[in-house]
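# Here is a sequence together with a model predicted from it:
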Protein chains: 2
Amino acid sequence: MRGVMMHAPGDIRVEQRADPEIVAPTDAVIRLSATCVCGSDLWPYRGIEPVEGPSPMGHEYVGVVEETGSEVTSVRPGQFVIGSFFASDNTCEICRSGYQSSCVRRELMGLYGAQAERLRVPLADGTLVATPEVPPDDLVPAYLAASDVLGTGWFGALAAQAGPGKTVAVVGDGAVGLLAVLAARQLGAERVVAMSRHEPRQKLALEFGATDIVTERGDEGVERIKELTGGLGAHSVVEAVGTQESMLQAIRSTRPGGHVGYVGVAHGVALDGQELFFSHVHLHGGPAPVRAYLPELIGLIRNRTIDPGKVFDLTLPLDEAAEAYRAMDERRAIKALLRV
Amino acid sequence: MRGVMMHAPGDIRVEQRADPEIVAPTDAVIRLSATCVCGSDLWPYRGIEPVEGPSPMGHEYVGVVEETGSEVTSVRPGQFVIGSFFASDNTCEICRSGYQSSCVRRELMGLYGAQAERLRVPLADGTLVATPEVPPDDLVPAYLAASDVLGTGWFGALAAQAGPGKTVAVVGDGAVGLLAVLAARQLGAERVVAMSRHEPRQKLALEFGATDIVTERGDEGVERIKELTGGLGAHSVVEAVGTQESMLQAIRSTRPGGHVGYVGVAHGVALDGQELFFSHVHLHGGPAPVRAYLPELIGLIRNRTIDPGKVFDLTLPLDEAAEAYRAMDERRAIKALLRV
């Protein structure tokens, strides 16, 4: 089969790779309907994370089950399924507490390489969720978004305790930040402030339910949020970038007793204990337990309450993956979908 | 009146100071019944925080109201009152959300110097809580503990979400840590692990309701907590020290999705964003909103459900404050009460 490999920073190739097979009786093999490039794929692409030899890429996937191991009972061949970037058993104590992305048996799907024609999914019963029917083509991008960016934005909004009566600010206007806007709104937030200086992203934030746009960043952005909130700061702030600047912007935009939900994978972030202590904020985040939210998100997508698929503003065939990476790296695209 | 002054690290003197007076119509002046030395007073005493000229000391206080400003309505002369280390109006939006120690009008009581015969308390209506009657002498230490260390341990346990079914670990065996053990138990925690290697403190932890004692520290302490919790880590961990080692010990002892409540004033703490991200813990803490808990804590003390006064294992007259500081610095005393 064909699959995407990263050979070095900036060097993306679509190559012939071995077809995946059932290895463990809890595995499934799926034929991908669509996959995509993640903001986190850009860290190694840009050389900020090391690339150790040619590596299969991709951890966002929707597709049709082709084959299942002998112990798999919850999905069967022919079903359309969505999974998350961590495989999880969904039965351990950590999973049952709602943290499937820290499952004691978790496996990082990125190692399997979802930017490909087929994918082996371990722990299929705990990882995959089937839709009630094979969806129409126009819903595929939305379901694909649920695999990571929607679920991650959702977790960010939940971790920030977005809800009725709350003012929620979102730091970061990538796909995750934009979908955190959508999530905050779905969760009932009264006011949702998108922090963005890019006109097309502002537009999408407004479509997703943002009530205010703040274009300032850093300390100026913090000041603007305070101005909008009677000098106190937002109740809830979602951090969806992962840099030192964005984390400080998030913490400082939050009122005492408020909540920061951080979902940008931290790179070079060091938090000063004393500042954090006196900020009085709640801090929670990490890799989103997307699996926990899939049943609810599938319902919202299926009845067309939400359309997170709008974050895909570039669609290319799998063979043009290199251009998909380039477009996202150069911020010509918010998020690139790869047709398989 | 007499009051304690710190002239330089290690240099504590009891001196004649001006009698406090009503300055604002919202002030009260109280005659202290007892005051005490705080673990946080040891930071400047040890030269870890700067001492900028002779400074009045002390921020923990109980006493009898002598005089009130013209706008004070909730307390009156003759009443026995307890306040916290932050004065607060208890009416602003931050106070109403339960964060009186970040009140928009807050004032640090340490600047007024509670280790003295008398004390001016600003924002008296929002800061002081009167007991139903002037208490018997044997309850005074318990009420004094409520002014800071009990309220701080309580906040730590609440921030760590201690409660029924939970295993709670407490890092730090000072007065705050020991009272976090008491708080966790009062809040219904199933198992409370005190981390201490000092026999008299272990004994007090057990009296306060600890179910387990762990003597190991750092990574070995983390391993012991994991052994006690099926490899997962504690649901809730209270950090009551404020050093880099203790913060990491707390975070690493907590299971994914668990809660760290940190109340040790951070000194030299820098948290790595990536470790925090993948730890999946909730982090909350800061200066405890003691005011929020005083009514409940007064009730528990008054009906003798709890005796937090046991943390005072040294009682000296105010004039011997220098010895009180020395005894705590040398860990000969857990906490020293000063009779006024």
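Arrived safely. Numbering: from 1, shown residues only, chains lettered A, B, ... in the order given.

# Helices of the stretch 51-200 of chain A, start to end?
A:93-96, A:124-127, A:140-146, A:149-159, A:175-186, A:199-207 (DSSP state H, counting those that start in this stretch).

# buried ones in the fourth one?
To tie it back to what came earlier, the one meant is helix A:149-159. By 16 or more other Cβ atoms under 10 Å in any protein chain shown, the buried positions in helix A:149-159 come out as A:149-159. The C-beta positions use only the backbone N, C-alpha and C, and glycine is treated the same way.

# Make CSV out of the helices of the stretch 51-200 of chain A and add mean pLDDT and distance to chain B.
Compiled in CSV, these are given as follows (pLDDT from 0 to 100; distance: least, Cβ to the nearest Cβ, whole Å):
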stretch, mean pLDDT, distance to chain B
helix A:93-96, 98, 5
helix A:124-127, 98, 16
helix A:140-146, 98, 21
helix A:149-159, 98, 8
helix A:175-186, 98, 14
helix A:199-207, 97, 24
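
# can those helices go into TSV with extra columns for distance to A:Gly83?
As requested, the helices of the stretch 51-200 of chain A are exported to TSV (distance: least, Cβ to Cβ, whole Å):
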stretch	distance to A:Gly83
helix A:93-96	14
helix A:124-127	5
helix A:140-146	10
helix A:149-159	10
helix A:175-186	18
helix A:199-207	25
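
# With respect to A:Ala250, which of those helices lies nearest?
Counting by Cβ to Cβ, A:Ala250 lies closest to helix A:149-159 out of those; the figure is 10.1 Å.

# May I have that closest one exported as CSV, CA atoms only?
Provided in CSV are the C-alpha atoms of helix A:149-159 (Å, rounded to 0.1, in the frame of the first residue of the first chain):
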residue,chain,number,x,y,z
VAL,A,149,-8.8,18.3,16.4
LEU,A,150,-12.5,18.4,17.4
GLY,A,151,-12.0,16.0,20.3
THR,A,152,-8.9,18.0,21.4
GLY,A,153,-10.7,21.4,21.2
TRP,A,154,-13.6,19.7,23.1
PHE,A,155,-11.2,18.6,25.9
GLY,A,156,-9.6,22.0,26.0
ALA,A,157,-13.0,23.6,26.5
LEU,A,158,-14.0,21.0,29.1
ALA,A,159,-10.7,21.4,31.0
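
# That helix versus helix A:175-186: what angle between them?
Orientation check (axes from the mean of the first three to the mean of the last three Cα atoms, to 10 degrees): helix A:149-159 against helix A:175-186 gives 50 degrees.

# correct me, but A:Val181 touches A:Glu207?
No. Applying Cβ atoms under 8 Å, one finds A:Val181 not in contact with A:Glu207, separated by 9.2 Å.

# Just want to know which of these two has more residues nearby.
A:Val181 (31 against 13; other Cβ atoms under 10 Å in any protein chain shown).

# which ones are touching the more buried one?
Counting by Cβ atoms under 8 Å, 6 or more residues apart in numbering or on different chains, A:Val181 makes contact with A:153, A:170, A:192, A:194, A:205, A:208-210.

# switch the cut-off to 10 Å
A:153, A:157, A:162, A:168-170, A:173, A:189, A:192-194, A:196, A:204-211, A:238, A:240 (Cβ atoms under 10 Å, 6 or more residues apart in numbering or on different chains).

# Please apply the same query to A:Ala270.
A:244, A:247, B:270-274, B:276.

# can you do 8 Å?
A:244, B:270-273.

# So for stretch A:81-88, what gets flagged as buried?
In stretch A:81-88, counting by 16+ other Cβ under 10 Å, buried: A:81-88.

# Farthest pair within the residues you listed?
A:Val81 and A:Phe86 (15.3 Å).

# from the chain's centre, how far out does the worst-scoring helix or strand of chain A on mean pLDDT sit?
Every helix and strand in chain A was compared by mean pLDDT, DSSP states H and E; the lowest is helix A:42-45, with a mean of 94. Offset of helix A:42-45 from its chain centre (Cα atoms, centre = their mean, to the nearest Å): 16 Å.

# which secondary structure elements does that helix contact?
Helix A:42-45 is packed against helix A:321-329, with contacts defined by 3 or more Cβ pairs under 8 Å, 6 or more residues apart in numbering or on different chains; DSSP states H and E.

# I'd like the distance between the residue in the stretch 1-150 of chain A positioned nearest to chain B and B:Phe277.
For the stretch 1-150 of chain A and chain B, the shortest gap (Cβ to the nearest Cβ) falls at A:Ser102, measuring 3.3 Å. According to Cβ to Cβ, to the nearest Å, A:Ser102 stands 11 Å off from B:Phe277.

# okay, and the common contacts of the two?
A:286-287.

# out of those two, which sits in the busier spot?
A:Ser102 (24 against 20).

# hang on, that one packs against B:Gly258?
No. A:Ser102 is not in contact with B:Gly258 according to Cβ under 8 Å; the separation is 10.1 Å.

# Kindly tell me how buried A:Val23 is, as a neighbour count.
11.

# Now it. Nearest residue, chain neighbours left out?
A:Arg120 (6.9 Å; Cβ to Cβ, 6 or more residues apart in numbering or on different chains).

# Equivalent analysis for A:Gln274, please.
Residue nearest to A:Gln274 in three dimensions, not counting chain neighbours: B:Ala266, with 4.6 Å by Cβ to Cβ, 6+ apart.

# Same check on A:Pro141?
A:Gly309 (3.1 Å).

# try A:His7
That would be A:Pro54: by Cβ to Cβ, 6+ apart, it lies 4.8 Å from A:His7.

# Count the neighbours of A:Pro164 for me.
Neighbours of A:Pro164 (other Cβ under 10 Å): 8.

# and the closest residue to it other than its chain neighbours, what are its phi and psi?
Among residues not flanking A:Pro164 along the chain, A:Gly188 sits closest, at 4.2 Å (Cβ to Cβ, 6+ apart). Phi and psi for A:Gly188, reported as degrees, to the nearest 10, are phi 100, psi 10.

# my read: A:Gly188 touches A:Gln161, true?
No. Using Cβ under 8 Å, A:Gly188 is not in contact with A:Gln161; the gap is 11.2 Å.
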